[in-house]
Structures are given as structure tokens and as C-alpha cells.
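Peer 1: can you look at this prediction? I've put the sequence above it.
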Amino acid sequence: MRVRKVPLLAGCQNQRTKGHGPLVDLHAKARAREATGEVLAVSYFPVQHGLDISGSSFGVVAVSDGDPEAADRVALELARDVWDHRHAFDVPTLTPETVDVLTALRREAPTAGFVLLSFSYEARAVNGLREFSKHSVAGCAYLLKHTV
């Protein structure tokens, strides 16, 4: 058995293994490597970016039947693949341009209230929404959806 770690805390929104996304591809590659018989099993352990704990990172584990070099080779190959596609895990957040547009709307309609629906695990995005509405006369309402 060998473990290779990638210095990546991935957005959990892109950690599904069905449909589309970077883990769908990694899942298929892992199963394909198992099918060759080179390794018995491959697992991967993405770490959610909200769990920024010292030493934690995305891990790839490969298990072989007495061939640690094969396990290391497969784990390293898949870990490099994760790193090469790390930006596929990125989650879009409010851009400065979007905040500028919302601020302009608030200036144009100071008594209008906004309802902002946010699906985010990103603390900066949530704090940005709070900051945006802090000095609003009408205030804002938030629906923060968190699913597991």
C-alpha cells in the first residue's frame, strides 16, 4: 500500500463521483487501473477546504498484492493527475464586478430590499454578502443552503 498526498483543499461542491466533475474522471481512472490487475484497489480522499488543518491534504491510496512499487506508481500517477486538474475543483464565488453591480443597484434603489440566495461553503463569500448588506437601509435576507 502506498499513499501520495497533494497539497490541495478542494471545494466540496466538485467532489461528486457521478455526473460531471474532476472526481468523476479520477474515479474512472482509478477503476481502470484496478481493472488492469496492477493494483487491487485505489481510493482517494479529498479534503474539504473548510477543514484547513495543518498536514491535511488530498490523498490517493493504492493497494497492491505484494508489489509496493506498483502501488506507488499508480498512487503517484493519480496524485499528479489531481494536481494537474486542481483548478477543476475551484468554486466560483462573487466577483468584485458582481459586488460593484449590486452596490450600484443599491445606490439606485436605496429603499428596495434584496434577497440573495447563496449556496456556499466559502466563508469569504458569506462574509462578503454580509458586508454588502451591512449599511443597507432596507437590509437583506439570506438563505444559506447547506447540504451533506
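Peer 2: Perfect, I can see it now.

Peer 1: which other helices and strands contact the longest helix seen in the chain?
Peer 2: The residue-count maximum for a helix in the chain (DSSP state H) belongs to helix 68-84. Contacts defined by 3 or more C-beta pairs under 8 Å, 6 or more residues apart in numbering; DSSP states H and E place helix 68-84 against strand 2-6, helix 22-35, strand 41-45, strand 58-63. Every C-beta, even on glycine, is put in place using the N, C-alpha and C of the backbone.

Peer 1: adding distance to residue 107 and mean neighbour count, write those out as TSV.
Peer 2: Formatted as TSV, these follow (distance: least, C-beta to C-beta, whole Å; neighbours: other C-beta atoms under 10 Å):
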stretch	distance to residue 107	mean neighbour count
strand 2-6	44	19
helix 22-35	40	16
strand 41-45	47	17
strand 58-63	43	22
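
Peer 1: can you tell which of these is closest to residue 76?
Peer 2: Smallest distance to residue 76 across those (C-beta to C-beta): 5.1 Å, for strand 2-6.

Peer 1: show me the contact partners of the closest one.
Peer 2: Outside strand 2-6, the residues that touch it by C-beta atoms under 8 Å, 6 or more residues apart in numbering are 57-62, 68, 71-72, 74-76, 78-79, 82-83, 86.

Peer 1: out of the helices and strands packed on helix 68-84, flag the one nearest residue 102.
Peer 2: Nearest of these to residue 102, taken as C-beta to C-beta: helix 22-35 at 30.1 Å.

Peer 1: now that closest one against helix 68-84, angle please.
Peer 2: Interaxial angle of helix 22-35 relative to helix 68-84 (axes from the mean of the first three to the mean of the last three C-alpha atoms, to 10 degrees): 160 degrees.
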